[in-house]
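# Give me a 3D structure for the following:
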Amino acid sequence: MDKIDSYRQAIEQILTEHAELTSSKDSAVKAQLIFDRERHHYQLIYVGWQVPLSIFPERCF
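Coordinates of the predicted model:
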């Protein structure tokens, strides 16, 4: 495994764990992960509705 694969796996693992920790099944706000492995782009966003505000993407990596 080369360095890029190691970094990719580490980034995906960290983002996945963070999304699981910050999302609740009962919450109207959900974490969504977007991985583009071909171009090495990774994104964690929060979407949903929390009265009185709609939640737009907070974190982008």
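# burial measure for Ala15, as a count.
Careful, residue 15 is Leu and not Ala. Counted by other CB atoms under 10 Å, the residues lying close to Leu15 total 19. No exception for glycine: its C-beta is placed from N, CA and C like everyone else's.
# Can you tell me the element it falls in?
Per DSSP states H and E: Leu15 is located in helix 3-22.
# Off-centre distance for that helix?
9 Å (CA atoms, centre = their mean, to the nearest Å).
# following it, which helix or strand comes up?
strand 29-36.
# hey, C-alpha coordinates of that next one in PDB?
What follows is strand 29-36, C-alpha atoms only, in PDB (Å, rounded to 0.1, in the frame of the first residue of the first chain):
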ATOM      1  CA  VAL A  29     -29.900  17.100  11.200                       C
ATOM      2  CA  LYS A  30     -27.800  14.300   9.600                       C
ATOM      3  CA  ALA A  31     -24.100  14.100   8.700                       C
ATOM      4  CA  GLN A  32     -23.500  13.100   5.100                       C
ATOM      5  CA  LEU A  33     -20.100  11.900   3.700                       C
ATOM      6  CA  ILE A  34     -19.000  12.400   0.200                       C
ATOM      7  CA  PHE A  35     -15.800  10.700  -1.000                       C
ATOM      8  CA  ASP A  36     -14.300  11.100  -4.500                       C
END
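# And the next helix or strand past that strand?
Strand 29-36 is succeeded, C-terminally, by strand 41-50 (DSSP H and E).
# average pLDDT across that following strand?
Here strand 41-50 scores 86 as its mean pLDDT.
# All set, thanks.
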